[in-house]
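Chemist: After the sequence you'll find the predicted model.
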Amino acid sequence: MPENLPIVEQTLEQLGADTPERVAALFAKVRSEFDQAVTAVSDEVSWHVLRDGWLGRKAGVLALVTDNWLKPSGPAMKPAVGRGLNELRGHVESAIEERRKQIEAQAAERAAAAERIDFSLPGVERALGTRHLVRQTLEEIERIFLRLGFAVVDGPEIETPYYNFEALNMPEFHPARDMWDTFYVDTPAPNQLVLRTHTSPMQIRTMERQPPPVRVIVPGKVYRRDNPDASHLFMFHQIEGLAVDNDITFADFKGTIEFFVHEFLGKSARTRLRPSYFPFTEPSAEVDATCIVCSGRGCRVCKQTGWLEIMGAGMVDPAVYGFVGYDPKKVSGFAFGMGVDRLAILKYGIDDIQVLMQNDVRFLRQFP
Ligand SMILES: [Zn+2]
């Protein structure tokens with residue numbers, strides 16, 4: 001029973017309620033107490049307390065009113081008390097039921113609000129990675145050659161000496177093998193394996209697989225036993241190119257390279273070829289492009305020459321066709337290989353190639 005309602009513990013006689021008006025006044029007081037109490041109910045717990053306090057079978061306010069006011073009444077007062085009690089009961093029961101519905105509705109609304117997503121709230125920013133500068137450069141180079149009709153092919157990084165050397169016109173003990181400091185895989189002698197020193201083995205694998213015409217580029221990792229310094233890594237990325245068909249000439253080669261240099265370094269970049277030697281091309285050339293740092297005027301990066309070496313290349317040596325079953329009298333072609341990491345640092349003016357492999361996010365974030 002609510003603590004502030006001691007009057008329901010007393011009889012009407014004790015309360016001095018000897019007229020219907022005084023009885024009605026007592027009921028009015030109880031009702032106003034109830035109205036305050038029902039307004040104060042805010043949740044399921046306080047609602048249960050209210051219900052038990054007023055409708056409880058033994059100690060509820062209405063039970064006490066019945067026991068203390070109605071039952072002891074004499075015939076003169078009983079009708080007024082009975083009427084007052086009925087009205088009070090009707091009011092209390094309907095108000096408690098009404099309050100229950102309100103509290104349930106509020107709870108449902110709160111639950112729905114908790115599930116609702118507020119799109120106006122600021123988002124949680126997640127640190128997203130970006131493509132590495134080397135990957136970006138690889139893809140940029142790939143796109144240029146894709147436009148020329150080259151296909152992109154992929155090959156194994158662990159190779160047999162046959163594909164890495166022999167089929168590229170370098171028999172065992174050929175001095176040209178010393179051009180590359182090779183990592184040998186620790187395998188028994190007849191099954192010797194190497195980490196490929198260049199992407200050129202895929203020239204052989206591609207031509208073995210298909211008859212001419214061939215137009216492919218081969219992006220991938222290569223390995224050389226170099227001591228790392230500002231311009232050397234022992235693992236780096238190459239893109240190999242190979243074009244073989246019935247009448248490909250040196251002019252086709254030069255035009256292809258010039259197109260690439262214009263697309264990659266800008267229309268004002270020029271190219272020049274210097275004679276060179278590779279076992280699997282004849283003639284062979286080093287390709288230089290205008291230094292992008294000084295635009296050809298001469299600077300520290302180009303050692304004051306105005307030129308930067310960007311790739312090794314040449315016409316495919318006819319001896320190579322013999323390894324893949326092509327007829328050297330019918331086909332001709334050119335091949336080239338470029339260091340992607342080196343091109344990336346030249347293009348973006350980075351003076352130490354090793355930062356590409358250190359994965360310092362402060363560096364990587366500069367190339368989103
Ligand atoms: Zn320069």
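Modeler: Arrived safely.

Chemist: Which of the helices or strands spans the nearest residue to residue 324 once chain neighbours are set aside?
Modeler: Leaving aside its sequence neighbours, residue 324 sits nearest to residue 207 (CB to CB, 6 or more residues apart in numbering; 3.8 Å). Glycine gets a C-beta too; all of them are placed from N, C-alpha and C. Residue 207 belongs to helix 201-209 when assigned by DSSP states H and E.

Chemist: just checking, next helix/strand downstream of that helix?
Modeler: Following helix 201-209 toward the C-terminus (DSSP H and E): strand 214-223.

Chemist: Run through who's touching that following strand.
Modeler: 138, 141-142, 145, 148-155, 157, 183, 195-199, 202-203, 206-207, 234-245, 333, 340 (CB atoms under 8 Å, 6 or more residues apart in numbering).

Chemist: Going by neighbour count, list what's buried in that strand.
Modeler: Across strand 214-223, burial judged by 16 or more other CB atoms under 10 Å covers 214, 215, 216, 217, 218, 219, 220, 222, 223.

Chemist: So which residues on the stretch 201-350 of the chain come close to the ion?
Modeler: 291, 293, 294, 299, 301, 302 (CB under 5 Å from the ion).

Chemist: Please name the residues that touch the fourth one.
Modeler: Remark: with contacts taken as CB under 8 Å, 6+ apart, residue 299 is in contact with 291, 293.

Chemist: Give me the three-state assignment for it.
Modeler: coil (DSSP: H, G, I helix; E, B strand; the rest coil).

Chemist: That one and residue 247, how far apart?
Modeler: Distance from residue 299 to residue 247, counting by CB to CB, to the nearest Å: 41 Å.

Chemist: Strands of the stretch 201-350 of the chain, residue ranges please.
Modeler: 214-223, 235-245, 271-278, 281-290, 307-316, 332-339 (DSSP state E, counting those that start in this stretch).

Chemist: residue contacts, residue 320?
Modeler: By CB under 8 Å, 6+ apart, the neighbours of residue 320 are 167, 168, 169, 203, 204, 280.

Chemist: hmm, 10 Å instead?
Modeler: 167-169, 200, 203-204, 207, 242, 244, 279-282, 326, 328, 333, 335 (CB atoms under 10 Å, 6 or more residues apart in numbering).

Chemist: Give me the pLDDT value at it.
Modeler: In this prediction, residue 320 carries a pLDDT score of 93.

Chemist: Extract the C-alpha trace of stretch 312-320 and format it as CSV.
Modeler: Provided in CSV are the C-alpha atoms of stretch 312-320 (Å, rounded to 0.1, in the frame of the first residue of the first chain):
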residue,chain,number,x,y,z
GLY,A,312,67.8,-3.2,-72.7
ALA,A,313,66.4,-4.4,-76.0
GLY,A,314,67.1,-5.8,-79.4
MET,A,315,66.0,-8.0,-82.3
VAL,A,316,65.5,-11.6,-81.1
ASP,A,317,68.6,-13.6,-81.9
PRO,A,318,67.7,-16.2,-84.6
ALA,A,319,69.4,-18.9,-82.4
VAL,A,320,66.6,-18.4,-79.9
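
Chemist: any idea which of the residues of the stretch 201-350 of the chain next to the ion is closest to residue 39?
Modeler: residue 293 (81.7 Å; CB to CB).

Chemist: Nearest spatial neighbour of the closest one, chain-adjacent residues omitted?
Modeler: Nearest one to residue 293, counting by CB to CB, 6+ apart, is residue 301 at 4.4 Å.

Chemist: picking up where we left off before, could you dump the strands of the stretch 201-350 of the chain to TSV with mean pLDDT?
Modeler: Below are these laid out as TSV (pLDDT from 0 to 100):
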stretch	mean pLDDT
strand 214-223	95
strand 235-245	95
strand 271-278	93
strand 281-290	93
strand 307-316	93
strand 332-339	95
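
Chemist: Select only the buried ones of the contacts of residue 320 in PyMOL?
Modeler: Under the burial definition 16+ other CB under 10 Å, those of the contacts of residue 320 that qualify are selected in PyMOL by:
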select buried, resi 167+168+169+200+203+204+207+242+244+279+280+281+326+333+335
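
Chemist: hang on, residue 107 in a helix?
Modeler: Yes: according to three-state DSSP, residue 107 belongs to a helix.
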